[in-house]
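Enquirer: Build the 3D model from these lines:
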Amino acid sequence: MALTLTDIEKLFDQRGHEQYTGEPVTQLQHALQSGFLGEQAGASDELVTAAFLHDLGHMLHDLGETPSIHGVDDVHQYRVLPFLRGLFPDSVINAIQRHVDAKRYLCATRPEYHDSLSDDSKRSLKLQGGIFSEGEAAAFIAEDGAKDAVQLRLWDDLAKQPDLQTPGLSHYMQIARRCALRD
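Expert: Numbering: from 1, shown residues only. Predicted coordinates:
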């Protein structure tokens, strides 16, 4: 069942106040900050929307707070795809789908990157398959949307600042509307 833009807005209204897994921000703050960082970088509406919505899958289930502590990978990057297909173009979908593998790629290609990850992100990395091998990294970066996913991932890592001021939900919903295939 695909979501509508109204459904996405309601989901943020209902669950956006929840703590973002193991981090000092809420789900909504993380989403807004990710979109904001993309917007500040001059990214396309599609990539800003992907950054804004990349963790929506965390709010589509109830596995409790910080499932990675319990050894659970919530596969949020895949869980959300059926809900967004048909609503957004592949450029949005591909970046969202690949943002977890982008972390695996960055750990493989930038040794200092792993050290910069939060404790929860390091814990979930193990559950998500660990650091890519050289061959896996090369195959990943050749996929459609991989380069956008890497950029999204870098914003994702920075979008955990409790005091960062951003535009509100309606601002990023408007950007999402501009690249949506339907409402």
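Enquirer: Can you name the residues that contact residue 107?
Expert: Counting by Cβ atoms under 8 Å, 6 or more residues apart in numbering, residue 107 touches 113-114, 117, 125, 131-132. C-beta here means a position set from N, CA and C on the backbone, and glycine is covered the same way.
Enquirer: Among the residues you listed, which one is most surrounded by other residues?
Expert: residue 132 (21 neighbours; other Cβ atoms under 10 Å).
Enquirer: Would you tell me what helix or strand it is located in?
Expert: Residue 132 is part of no helix or strand when elements are defined by DSSP states H and E.
Enquirer: what residue lies at the spatial centre of this protein?
Expert: Against the mean C-alpha coordinate of the chain, by Cα atoms, centre = their mean, the closest residue is residue 54 at 2.6 Å.
Enquirer: Run a quick check on it versus residue 152, I expect a contact.
Expert: Yes - here residue 54 reaches residue 152: they are 5.9 Å apart, a contact under Cβ atoms under 8 Å.
Enquirer: Now for those two: what residues contact both?
Expert: Applying Cβ under 8 Å, 6+ apart, one finds that residue 54 and residue 152 are jointly contacted by 34, 95-96, 99.
Enquirer: What is the burial count for the nearest residue to residue 176 once chain neighbours are set aside?
Expert: Residue nearest to residue 176 in three dimensions, not counting chain neighbours: residue 49, with 4.6 Å by Cβ to Cβ, 6 or more residues apart in numbering. When neighbours are defined as other Cβ under 10 Å, residue 49 has 28 of them.
Enquirer: Check which helices and strands the helix or strand that contains residue 49 sits against.
Expert: Assigned by DSSP H and E, residue 49 belongs to helix 45-53. Counting contacts by 3 or more Cβ pairs under 8 Å, 6 or more residues apart in numbering; DSSP states H and E, helix 45-53 is packed against helix 27-40, helix 90-109, helix 146-158, helix 169-179.
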